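# I would like to see how this sequence folds:
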Amino acid sequence: MKKVINEQLIYEILSVVEEIPEGKVATYGQIAKLIGSAREVVTRMLKYFSEEGIVRLSRGQIEIISYEKLKNLTKLLIDTLINNLM
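Sure thing, here's the model as predicted:
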């Protein structure tokens, strides 16, 4: 069950990040507030996204650098969530 919750959390973060317009930034705190999570949790997930080359992180801000990778990860998570529900 914990794995599903983590996947749902990742999906929620990705959904918010995906809405950031190209060239704009959002703070970790803003994202955490939008999904109702702790900033520390969002920070850990965003660090992973950064390591995967999806986002660039700087001074508590996030910028999408690969919309293609973001969409691929989102699709993979949706498919995983659906399979876990079946």
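# now stretch 15-27, how far from the chain's geometric center?
Centroid separation for stretch 15-27 versus its chain: 10 Å, with CA atoms, centre = their mean, to the nearest Å.
# gap between the two ends of that stretch?
End-to-end distance for stretch 15-27: 15 Å, by CA to CA, to the nearest Å.
# list the buried residues of the longest helix anywhere in the chain.
The residue-count maximum for a helix in the chain (DSSP state H) belongs to helix 67-85. Of all the residues in helix 67-85, those buried under the rule 16 or more other CB atoms under 10 Å are 70, 73-74, 77. The way it works is simple: take the backbone N, C-alpha and C, and place the C-beta from them, glycine included.
# so which elements touch the helix or strand harbouring residue 30?
For residue 30, the host element (DSSP states H and E) is helix 28-35. The contact analysis (3 or more CB pairs under 8 Å, 6 or more residues apart in numbering; DSSP states H and E) places helix 28-35 against helix 2-18, helix 39-51, strand 61-64.
# also compute the angle for it relative to helix 2-18, please.
110 degrees (axes from the mean of the first three to the mean of the last three CA atoms, to 10 degrees).
# okay, now the residue nearest to residue 12 when sequence neighbours are not counted: neighbour count?
The shortest distance from residue 12 to any non-neighbouring residue, by CB to CB, 6 or more residues apart in numbering, is to residue 35 (4.4 Å). Using other CB atoms under 10 Å, the number of residues around residue 35 comes to 16.
# now for residue 35: which residues touch it?
9, 12-13, 16, 42 (CB atoms under 8 Å, 6 or more residues apart in numbering).
# kindly report the same for residue 67.
Residue 67 neighbours (CB under 8 Å, 6+ apart): 18, 22.
# likewise for residue 22?
Residue 22 sits next to 64, 67 when contact means CB under 8 Å, 6+ apart.
# for it, which three-state class applies?
Judged by DSSP: H, G, I helix; E, B strand; the rest coil, the three-state class of residue 22 is coil.
# distance of it from residue 68?
13 Å (CB to CB, to the nearest Å).
# could you do residue 51 as well?
17 Å.
# perfect, that will be all.
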